[in-house]
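okay, predicted coordinates and the sequence, questions at the end:
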Amino acid sequence: MLSTIDYYREALDIVADPDTDWRALVLQIAKTNPKALVEAKADPLRLEAIAAFKAGGKLQAIKHVRSLSGMGLLEAKEFVESVVDPKDAPEASA
């Protein structure tokens with residue numbers, strides 16, 4: 001069974017793959033989690049921040065938001081803190 005972090009890594013690989021069939025992927029997401037699809041369309045930066053936070057923690061999320069949005073450090077930090085749930089932080093490696 002994959003850990004949450006492994007699922008996020010797999011998801012990032014799918015997104016990065018130039019051969020990904022986006023129509024099939026979106027249809028599968030719509031079938032299994034229509035709310036996520038609607039939210040993604042409504043606020044993609046929010047979902048990007050959450051995914052980056054879950055995969056790599058707060059610093060990674062802030063860096064990712066800055067790279068996507070052009071926000072300054074403080075603005076990106078405040079944005080990330082407003083959209084993520086601290087309990088979703090990645091598990092610490094031993």
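Received it, and whenever you're ready, just let me know what you need. Residues are numbered from 1 along each chain as shown.

gap between L73 and F79?
Per CB to CB, to the nearest Å, L73 is found 11 Å from F79. Just so you know, the C-beta spots here come from the backbone N, C-alpha and C atoms, and that holds for glycine as well.

more neighbours: which of these two?
Between L73 and F79, F79 has the larger neighbour count (other CB atoms under 10 Å), namely 19 against 10.

let's verify the more buried one: helix, strand, or coil?
Put simply, F79 is helix when judged by DSSP: H, G, I helix; E, B strand; the rest coil.

for the chain, which segments count as helices?
Ranges of helices within the chain are 4-16, 22-32, 34-42, 44-56, 58-69, 73-83, based on DSSP state H.

lowest confidence element among the helices and strands of this protein?
helix 34-42 (a mean of 75; mean pLDDT, DSSP states H and E).

what about E78, how many residues nearby?
For E78, using other CB under 10 Å, the count is 13.

got the buried residues for the least confident helix or strand of the chain?
Residues L37 are the ones in helix 34-42 that count as buried (16 or more other CB atoms under 10 Å).

can you list contacts of it?
Residues from elsewhere that reach helix 34-42 (CB atoms under 8 Å, 6 or more residues apart in numbering): 26, 29-30, 46-47.

residue nearest the centroid of the chain?
With distances taken as CA atoms, centre = their mean, A51 lies nearest the centre of the chain, 1.9 Å away.
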